[in-house]
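Student: Predicted model, plus sequence, below.
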Amino acid sequence: MSEKDKIDTQAPKKDYLINDDRENLDPIPQVESDSYKPAGKMKGFNTIVTGADSGIGRAVAIAFAKEGANVAVVDLEDNDDLKSVKKRIEELGVKCLAFSGDVGEEAFAKETIGAVHNEWGDLHTLVNNASEQHPQESISDIDAAQLDRTFRSNIFSTIYWSREAFPYLAEGGTIVNSSSVTAYKGSPGLLDYASTKGAIISFTRSLAQNTEVIEKKVRVNAVAPGPIWTPLIPATIGSSYEEHGGVPLDRPGEPYELAPAYVYLATSDSSYVTGQTIHVNGGTVVNG
């Protein structure tokens, strides 16, 4: 095996960096890598990725574009991060639409998905990735406002966007949801967040078995990331790169290391996979 073909098991180099509000992070999260070799597996696909301005969502959106998909990117604010990912996607020779708003609001989901359909026609893949977390040491500190906000952003949005996208999904289309390792092993400081991620797993399994979904040959799956180095981590948990890990591979993952799992679940490579979850977590053993 040549050096070129070896699997990189070390922390990746900082190549293809895009300024998406990560200048205060050390090291800067890597959303792309030249180790990824696209094969046009999504050429002509019309896709939507929520939570796409940074981290995992950004990496997935760019990987889809590299595979030939048109990508509609969605995030909370119309800021430089969202503009820069749109620019990067268009540099890859595909179409991109950018939308900003609260993914936990039904009206925004309906309006955005309708606009993408009107512009491009049938959808092929929806990625429900947007989420938020608010660490609390005690359950007593989780008030109604936080509980509503976390569930609205994480699980309500997953249901809203799946519901609104389904009528526009082409036969054989896919839905890919972002869950978390916390859905399986728990997280004492993220009680409400972990609960929503568990709900996403149950929703994924249930929707995949729905008669209407099966008849349309739509497949529904999830990815459950472990500790991934994204802007969300220092902003909410406050841990450093060295502290954020605690897994057999002894480092946090980079956003680009998640993207191939989403590409696999979005394409015919996974034609016999539905209702399942891929664990990209650095070696943490979980029970399904």
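Tutor: Everything's here; your move. The structure presented is a predicted model; accordingly, all values stated were derived computationally and were not measured.

Student: hey, let's count contacts and neighbours off CA atoms from now on
Tutor: Will do.

Student: any idea how far residue 185 is from residue 117?
Tutor: Distance of residue 117 to residue 185, given as Cα to Cα, to the nearest Å: 38 Å.

Student: And for residue 286?
Tutor: 7 Å.

Student: now residue 61
Tutor: The value you get for residue 61 to residue 185, if Cα to Cα is used, is 28 Å.

Student: okay, those two: which has more neighbours?
Tutor: residue 61 (34 against 13; other Cα atoms under 10 Å).

Student: In what element of secondary structure is that one found?
Tutor: helix 55-66 (DSSP states H and E).

Student: after that helix comes which helix or strand?
Tutor: Next element after helix 55-66 (DSSP H and E): strand 70-75.

Student: what helices or strands is that following strand leaning on?
Tutor: Counting contacts by 3 or more Cα pairs under 8 Å, 6 or more residues apart in numbering; DSSP states H and E, strand 70-75 is packed against strand 46-50, helix 55-66, helix 80-91, strand 96-100.

Student: Need the residues that contact that strand.
Tutor: With contact meaning Cα atoms under 8 Å, 6 or more residues apart in numbering, strand 70-75 is reached by 44-53, 61, 64-65, 82, 86, 89, 94-103, 116, 130.

Student: angle of that strand against helix 80-91?
Tutor: Counting by axes from the mean of the first three to the mean of the last three Cα atoms, to 10 degrees, strand 70-75 lies at 180 degrees to helix 80-91.

Student: what's the angle from strand 70-75 to strand 46-50?
Tutor: 20 degrees.

Student: can you give me the mean pLDDT across strand 70-75?
Tutor: Average pLDDT, strand 70-75: 98.

Student: ditto for stretch 147-155
Tutor: 97.

Student: how about it: buried residues?
Tutor: 149-155 (16 or more other Cα atoms under 10 Å).

Student: That one: end-to-end distance?
Tutor: Stretch 147-155 end-to-end distance (Cα to Cα) = 11 Å.

Student: Repeat that for stretch 130-142.
Tutor: 21 Å.

Student: Stretch 50-60 too?
Tutor: End-to-end for stretch 50-60, by Cα to Cα: 10 Å.

Student: quick one: buried residues of stretch 135-147?
Tutor: In stretch 135-147, counting by 16+ other Cα under 10 Å, buried: 135, 142.

Student: can you give me how far that stretch is from the chain middle?
Tutor: 25 Å (Cα atoms, centre = their mean, to the nearest Å).

Student: Give me the number of neighbouring residues for the closest residue to residue 281 other than its chain neighbours.
Tutor: Computed as Cα to Cα, 6 or more residues apart in numbering, the closest residue to residue 281 that is not its neighbour in sequence is residue 226, at 3.7 Å. Residues near residue 226, counting by other Cα under 10 Å, number 22.
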